[in-house]
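> Provided below are the primary sequence and the corresponding predicted coordinates.
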Amino acid sequence: MRQGIFTVRENRALNARYNLLALEGDSTGFTAPGQFADILVPGFYLRRPFAVCDWEDDFFTLVYECVGNGTRRLKTLGAGTELDVLTGLGNGYTLEGAGESPLLVGGGCGVGSLYGLAKQMLRQGLTPRVILGFPRREEITLLEDYIALGLSPTVTTADGSFGVRGLVTDAMDIPHSSVYACGPEPMLRAVALMSPAGGQLSFDARMGCGFGACMGCTRQTVNGPRRVCKDGPVFRKEEILWED
């Protein structure tokens, strides 16, 4: 974990629901896709955690949704605004056990977290299959960015307004050696129970501190209680104990 002052390079709406934030500063604390940053939003006491989408040594980007007062305030910040940021938090994804045909399944803001993983896989000579799920056409996010990588994502929309009608699980009849998923927890559960392969799941949880002190984001696993912020947010698929 590293703390630093970052400057807003870009803060714009991708669509009516999701926004992209690009921050300039020392981003060398990030070592793996799927890690997250904790941002101190001006006027708020608790930091807000956001999964990193992409990064270089001197900047990183993230995708966020305006769901509360903190993110609504974040949306108003213009280029040049300075922010106190913790970087390199969490464990991130690994390619261990990915096999030759990994499948990436993202829902909502989770498509940002998996974008960095897709780039890493391509650099390692792997070409993942990708499924991106959204409620409707108007909320589709980062599709063109994935296509720019040379990938051909399958898109599902719950209302059938684009791509496959239904949920991401309705498009999972794709042979795969492993599955990587990031999105709402009901989606993660459905993906985990449907896929026969091993894999990794990234959880989005409410966090008080973001670095393991408060225990507020604990999940039950086969190895006992684990903190999403410190022991995750990425867990092996077979670790998770799902509640009935």
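That came in fine, so what should we check first? Numbering: from 1, shown residues only.

> now do the contacts for the residue positioned nearest the centre of the chain.
Nearest to the geometric centre of the chain sits Ser113, at 2.7 Å (CA atoms, centre = their mean). Ser113 is in contact with Pro33, Gly34, Ala51, Val52, Cys53, Gly106, Cys182, Ser202, counting by CB atoms under 8 Å, 6 or more residues apart in numbering. To be clear about C-beta, it is placed using only N, CA and C from the backbone, and glycine gets the same treatment.

> distance from the chain centre to stretch 15-22, please.
14 Å (CA atoms, centre = their mean, to the nearest Å).

> all numbers from here: first residue = 17
Okay, using 17 as the starting number, the last item reads as stretch 31-38.

> for that stretch, what is the average pLDDT?
The average pLDDT for stretch 31-38 rounds to 95.

> quick one: average pLDDT of the helix of greatest length in the chain?
When the chain is parsed with DSSP state H, its longest helix is helix 126-139. Helix 126-139 comes out with an average pLDDT of 96.

> stretch 192-203 now?
Averaged over stretch 192-203, pLDDT sits at 95.

> then stretch 152-172?
The pLDDT scores in stretch 152-172 average 97.

> ditto for stretch 215-231
pLDDT averaged over stretch 215-231 gives 71.

> ditto for stretch 64-80
What stretch 64-80 shows for mean pLDDT is 95.

> just the helices in the protein please.
85-91, 126-139, 159-164, 201-210.

> just checking, what packs against the last one?
Packing partners of helix 201-210 (3 or more CB pairs under 8 Å, 6 or more residues apart in numbering; DSSP states H and E): strand 118-123, strand 194-198, strand 214-218.

> that one vs strand 194-198, what angle?
Orientation of helix 201-210 against strand 194-198 (axes from the mean of the first three to the mean of the last three CA atoms, to 10 degrees) gives an angle of 170 degrees.
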